[in-house]
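J.: Give the three-dimensional model of this entry:
(one chain, ligands or ions: 1)
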Amino acid sequence: MAWKKVCAVSAIQENALLKVNVDGISLVVANYGSGFRAFPPICPHMEEPLDESGILADCVLTCTKHLWAWDLRTDKMLGETEKPLRFYDVKVDRGDLYALIDHEIIYDFDGGEEESDDFFS
Ligand code: FES
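T.: Numbering: from 1, shown residues only. Got it, this is the predicted structure:
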């Protein structure tokens, strides 16, 4: 395991998402105001790119495709959300954000039920 520099803290505005590539691994970094989170760049529901379809407000990340949402302070799933967001550990050191990356986090899209209701798309 190794801490990898992701970006300068100043590169991520509050309530913003930033997609980055660290040693060939894509991740999205979120500044939720009182902290940071780093997670895979796709929604665990149906692989929607969260840097494009994610909205961050009041510490809650919402995927606008079908409105799954997660509280980034507590990791809790909100509303009708059925899968947790998975995170890389992060830390801030001297103005830079680091993520603990020993392998790429990949969601299992084969094991779950496929949703046929595409009402919100
Ligand atoms: S793809 Fe993100 S909520 Fe469905």
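J.: Tell me the residues of this structure that contact the ligand?
T.: Within reach of the ligand by CB under 6 Å from any ligand atom, the chain has these residues: Cys43, His45, Met46, Glu48, Cys63, Lys65, His66, Trp68. Where C-beta positions appear, they are placed from N, C-alpha and C, glycine not excepted.
J.: From Leu85, how far out is the first one?
T.: Put plainly, it is Cys43. Distance of Cys43 to Leu85, given as CB to CB, to the nearest Å: 9 Å.
J.: Buried ones from the residues of the chain next to the ligand, can you make that a ChimeraX selection?
T.: Of the residues of the chain next to the ligand, the buried ones can be selected in ChimeraX as follows, counting by 16 or more other CB atoms under 10 Å:
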select :43,45,48,63,65,66,68
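J.: Name the nearest of the residues of the chain next to the ligand relative to Asp102.
T.: Cys43 (23.0 Å; CB to CB).
J.: Tell me what the residue most central in space within the chain is bridged to.
T.: The centroid of the chain falls nearest to Phe39 when counting by CA atoms, centre = their mean (3.7 Å). Per DSSP bridges, the residues bridged to Phe39 are Val28.
J.: For it, which residues are in contact?
T.: By CB atoms under 8 Å, 6 or more residues apart in numbering, the contact list for Phe39 reads Leu27, Val28, Ala30, Leu50, Leu85, Arg86, Phe87, Tyr88, Ile105.
J.: tally of neighbours for Asp51?
T.: Neighbourhood size, Asp51 [other CB atoms under 10 Å]: 18.
J.: do the one 10 residues further on as well
T.: Close neighbours of Leu61, defined as other CB under 10 Å, add up to 24.
J.: pretty sure it contacts Leu50?
T.: Yes. The pair Leu61 / Leu50 is scored as a contact, 7.3 Å apart, by CB atoms under 8 Å.
J.: Report how many residues lie close to Ile55.
T.: 14.
J.: Mind telling me what element it is part of?
T.: Using DSSP states H and E, Ile55 maps to strand 54-57.
J.: Given that strand, what are its sheet partners and their directions?
T.: strand 60-63 (antiparallel).
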